[in-house]
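[1] Below is the sequence, then the predicted model.
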2 protein chains.
Amino acid sequence: MKVCITGAAGFLGKRLTQQLLKQGQLTGSSGAQEDIEQIMLLDIVPVEGIADSRVRVVAGDICDAGLLAESIDADVDSVFHLAAVVSGQAEADFDLGMRINVDATRLLLERCRALANPPRLVFTSSVAVYGGELPDPVLDSTALLPQSSYGTQKAVGELLINDYSRKRFIDGRVLRVPTISVRPGKPNKAASSFASGVIREPLAGSEATCPVPPQTRIWLSSPRSAIANLLHAHELPAQGFGASRVVNLPGISVSAGEMLESLERVAGKAVAARVRWQVDPVITRIVSTWPGAWDCSRALALGFRSETDFEAIIRAYMEDELKSAA
Amino acid sequence: MKVCITGAAGFLGKRLTQQLLKQGQLTGSSGAQEDIEQIMLLDIVPVEGIADSRVRVVAGDICDAGLLAESIDADVDSVFHLAAVVSGQAEADFDLGMRINVDATRLLLERCRALANPPRLVFTSSVAVYGGELPDPVLDSTALLPQSSYGTQKAVGELLINDYSRKRFIDGRVLRVPTISVRPGKPNKAASSFASGVIREPLAGSEATCPVPPQTRIWLSSPRSAIANLLHAHELPAQGFGASRVVNLPGISVSAGEMLESLERVAGKAVAARVRWQVDPVITRIVSTWPGAWDCSRALALGFRSETDFEAIIRAYMEDELKSAA
């Protein structure tokens, strides 16, 4: 079987590729486990550092329908659509956000519709689709009222994937992924970037600022959970989803203040002291419109999983990312 | 001030034009009532039969950005965006629905964003944005889960108008309009077309079929209410809308069986007997996913209005449409 990953040069894309290469199989169009023969890695920059004969790297603009047609073969079975302009950037550059988060998604869906068989398509959505007055916790039945262009664009993608799936053009699965922490690497332009930065930088011996007040609650899960849940979403039979292909993934609800208390307990006072509070009104406005918790009983019933405490997430990060460096 | 109406050759567009010409004023960009100097009537077919020097008729494809730029002057103050592919047709021709209901809306929003001042934009959405398991009545806080491509496309339009308004590119107002009955003229490809047909045809002496079972509940209002509410939506100050520009308009909840009982009470047994029950599974599937009632306390608080019984709607139809013919 053939798999395509968009946004493959990103942090989740790389981890997903490694995991797919390692396990070597996925549920194919036959409904049974099949060997993965090819993984197309699509991104604006060429994916580097993955040496495996099953991998084919394609670099180019995902808004180019010709590139999509050339690089997604007619017999592709599965697509993981991770390419996105992140929240802070989509807010600052409206047109870029619309182009990548809406237009490219639309082009990709059209390409998938043209394939020999409707492919399984896993799409990552976000806490940012919610906004306005929210119940605590947010429920599956709660209306979306995004207060950012990123959230709007992800909500549009969700609607289209539900309809393309209903029409049997594709077999879509949408995961509303909690804010991921602890993300390795550098800060990015996501409004949630700090949720990794306030842990990652101090552990690396650097200073960091926390741009939201200590009481700001965030719905979080780890990179490990995100990858496991992406794969689980792919493997589930379509019937399990019922009328909606969208799932609010499990996570933990933790405040910025509690995150730093966890850091102190795991890594000590000196490490936690490397974080300064410095409220950024733009980031605080965006993040405070996101739900701090949602009901995830549907996700749990479908077999999705997450950690249950933030200290375990910090320890997993140290294990995955710092051990090799140490 | 200048006004543009898209879908102006349609039934609502024509009535709205007549009403605007009659009243001669609307709230302009100054915030005060201003004289309407020009109304641009945009549709794929030229609008006919309106002789008034303030009217400018433009016929062409609303998906043509060049046409939009030419026909919507830089100093347009207000847009009523009524152009749409109706529900039955959007379900049968997915690409046409996407083109008109999504792409054209997007192009229009971009044209509005390019104008001298962010124009007021009134957009008509639909009961079809809802679907799946619904509370009775549906609430403003109920999640959208459209079960038709039309509903999906309208929901996308809503999201974009909310975000364009939040970004102050436009000053948008979205009305979820109940199924309109009694619509004059001929049946159309809307799944709800019967809701007018089962009243209009018997009153005109013709046979009609009702394609949904008698117990199917529909959320209805009259053409008079629709026009009054479109104008009211335009006139309201933006602050009144709060975090969402979308309003669930008032209506009445009536079953197909009750509609025919009302017809019999107003027009007699012989007239009502011209309707045959003949269930159409495609129409029944679409209509049965729509809410039969929604809570409209927000709309009422904002000053939107509707009739309170269906007999009054039938009588108003006979007054507006049949008196002159008789």
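    Alright, I've got the coordinates.

[2] and the closest residue to chain B within the stretch 201-326 of chain A, what is it in contact with?
    Residue of the stretch 201-326 of chain A nearest chain B, by Cβ to the nearest Cβ: A:Ala243 (4.1 Å). No exception for glycine: its C-beta is placed from N, CA and C like everyone else's. If a contact means Cβ atoms under 8 Å, 6 or more residues apart in numbering or on different chains, then A:Ala243 has B:Gly131, B:Gly132, B:Glu133, B:Leu145, B:Gln147 as its contacts.

[3] one more time with 7 Å, if that's ok
    By Cβ atoms under 7 Å, 6 or more residues apart in numbering or on different chains, the contact list for A:Ala243 reads B:Gly132, B:Leu145.

[4] got it, and the one 3 residues further on?
    Under the criterion of Cβ under 7 Å, 6+ apart, the neighbours of A:Val246 are A:Ser125, A:Glu158, A:Asn162, A:Val174, A:Arg176.

[5] would A:Ile5 count as being in a strand?
    Yes: residue state for A:Ile5 (DSSP: H, G, I helix; E, B strand; the rest coil) corresponds to a strand.

[6] Could you count how many residues lie near it?
    28 (other Cβ atoms under 10 Å in any protein chain shown).

[7] Likewise for A:Gly88?
    20.

[8] Could you list the low-pLDDT ranges of the stretch 1-150 of chain A?
    Within the stretch 1-150 of chain A, no stretch has pLDDT under 70.

[9] For chain B, what is the nearest residue in it?
    A:Gly132 (4.2 Å).

[10] per-residue confidence for A:Glu321?
    Reported pLDDT at A:Glu321 in the predicted model: 84.

[11] I'd like the distance between it and A:Gln89.
    Note on A:Glu321: its distance to A:Gln89, by Cβ to Cβ, to the nearest Å, is 24 Å.

[12] Distance to B:Met98 and neighbour count for the contacts of A:Val246 - can I get that in a markdown table?
    Shown next, in a markdown table, are these (distance: Cβ to Cβ, whole Å; neighbours: other Cβ atoms under 10 Å in any protein chain shown):
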| residue | distance to B:Met98 | neighbour count |
| --- | --- | --- |
| A:Ser125 | 20 | 23 |
| A:Glu158 | 16 | 26 |
| A:Asn162 | 14 | 25 |
| A:Val174 | 19 | 26 |
| A:Arg176 | 24 | 25 |
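
[13] could you dump the residues you listed to a markdown table with distance to A:Phe94 and secondary structure?
    Converted to a markdown table, the contacts of A:Val246 look like this (distance: Cβ to Cβ, whole Å; DSSP: H, G, I helix; E, B strand; the rest coil):
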| residue | distance to A:Phe94 | secondary structure |
| --- | --- | --- |
| A:Ser125 | 19 | strand |
| A:Glu158 | 19 | helix |
| A:Asn162 | 24 | helix |
| A:Val174 | 23 | strand |
| A:Arg176 | 22 | strand |
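
[14] Which ones among the residues you listed also lie next to chain B?
    Restricting these to those touching chain B (Cβ under 7 Å from any Cβ of the partner chain) yields no residues.

[15] What segments of chain A are helices?
    Assigned by DSSP state H, chain A shows helices spanning A:11-23, A:65-71, A:87-92, A:94-97, A:105-113, A:149-166, A:194-203, A:223-235, A:256-267, A:269-272, A:281-288, A:297-301, A:310-317.

[16] In JSON lines, list the ones you listed along with distance to B:Leu96.
    Below are the helices of chain A laid out as JSON lines (distance: least, Cβ to Cβ, whole Å):
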{"stretch": "helix A:11-23", "distance to B:Leu96": "35"}
{"stretch": "helix A:65-71", "distance to B:Leu96": "19"}
{"stretch": "helix A:87-92", "distance to B:Leu96": "29"}
{"stretch": "helix A:94-97", "distance to B:Leu96": "26"}
{"stretch": "helix A:105-113", "distance to B:Leu96": "14"}
{"stretch": "helix A:149-166", "distance to B:Leu96": "14"}
{"stretch": "helix A:194-203", "distance to B:Leu96": "43"}
{"stretch": "helix A:223-235", "distance to B:Leu96": "32"}
{"stretch": "helix A:256-267", "distance to B:Leu96": "48"}
{"stretch": "helix A:269-272", "distance to B:Leu96": "58"}
{"stretch": "helix A:281-288", "distance to B:Leu96": "36"}
{"stretch": "helix A:297-301", "distance to B:Leu96": "34"}
{"stretch": "helix A:310-317", "distance to B:Leu96": "48"}
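
[17] about what we covered before: now the residue of the stretch 201-326 of chain A closest to chain B. Its backbone dihedrals?
    phi -70, psi -20 (degrees, to the nearest 10).

[18] Need the pLDDT of it.
    91.

[19] A:Ser324 too?
    So A:Ser324 comes in at 57 (pLDDT).

[20] Could you tell me which residues of the stretch 51-200 of chain A lie near chain B?
    A:94, A:132, A:141-145, A:147, A:149, A:152, A:155-156, A:159-160, A:163, A:166-167.

[21] Can you turn the buried part of those residues into a PyMOL selection?
    With 16 or more other Cβ atoms under 10 Å in any protein chain shown as the criterion, this PyMOL line picks the buried residues out of these:
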select buried, chain A and resi 94+132+141+142+143+144+145+147+149+152+155+156+159+160+163+166
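
[22] before we move on, the earlier item: and the residue of the stretch 201-326 of chain A closest to chain B, how far is that from B:Pro146?
    Counting by Cβ to Cβ - A:Ala243 and B:Pro146 are separated by 10 Å.

[23] Also A:Ser149?
    In terms of Cβ to Cβ, A:Ser149 sits 22 Å off from B:Pro146.

[24] Counting neighbours, what do you get for A:Arg274?
    Neighbour tally, A:Arg274, other Cβ under 10 Å: 18.

[25] residues in contact with it?
    Applying Cβ under 7 Å, 6+ apart, the residues near A:Arg274 are A:Glu201, A:Pro202, A:Ser206, A:Glu207, A:Ala208.

[26] Name the nearest residue to the first one, sequence neighbours excluded.
    When you say that, I think you mean A:Glu201. A:Ala208 (3.7 Å; Cβ to Cβ, 6 or more residues apart in numbering or on different chains).

[27] neighbours around the one you found, how many?
    A:Ala208, neighbours per other Cβ under 10 Å, totals 21.

[28] residues contacting it?
    Here A:Ala208 is in contact with A:Gly197, A:Val198, A:Glu201, A:Pro202, A:Arg274, A:Val275 (criterion: Cβ under 7 Å, 6+ apart).

[29] which two in those are spaced the farthest apart?
    Farthest-apart pair in the contacts of A:Ala208 is A:Gly197 and A:Arg274; separation 10.9 Å (Cβ to Cβ).

[30] From the opening residue of stretch A:121-130 to its closing one, how far?
    Start and end residues of stretch A:121-130 are separated by 23 Å (Cα to Cα, to the nearest Å).

[31] who touches that stretch?
    With Cβ under 7 Å, 6+ apart, stretch A:121-130 has contacts from A:79-82, A:87, A:112, A:138, A:142, A:144-146, A:148, A:150-151, A:154-155, A:157-158, A:161, A:170-179, A:219, A:230, A:233-234, A:246, A:290-291.

[32] circling back: ok, the contacts of A:Val246 vs chain B, which is closest?
    A:Asn162 (7.0 Å).

[33] Look at the closest one and report its pLDDT.
    98.

[34] Test my guess that it contacts A:Phe241.
    No: the criterion here is Cβ atoms under 7 Å, and A:Asn162 misses it with A:Phe241 at 9.4 Å.

[35] Relative to A:Leu144, how far out is the nearest residue to A:Ala155 once chain neighbours are set aside?
    With Cβ to Cβ, 6+ apart as the criterion, A:Ala155 has its nearest non-adjacent residue at 4.4 Å, and that residue is A:Val129. Taking Cβ to Cβ as the measure, A:Val129 falls 5 Å from A:Leu144.
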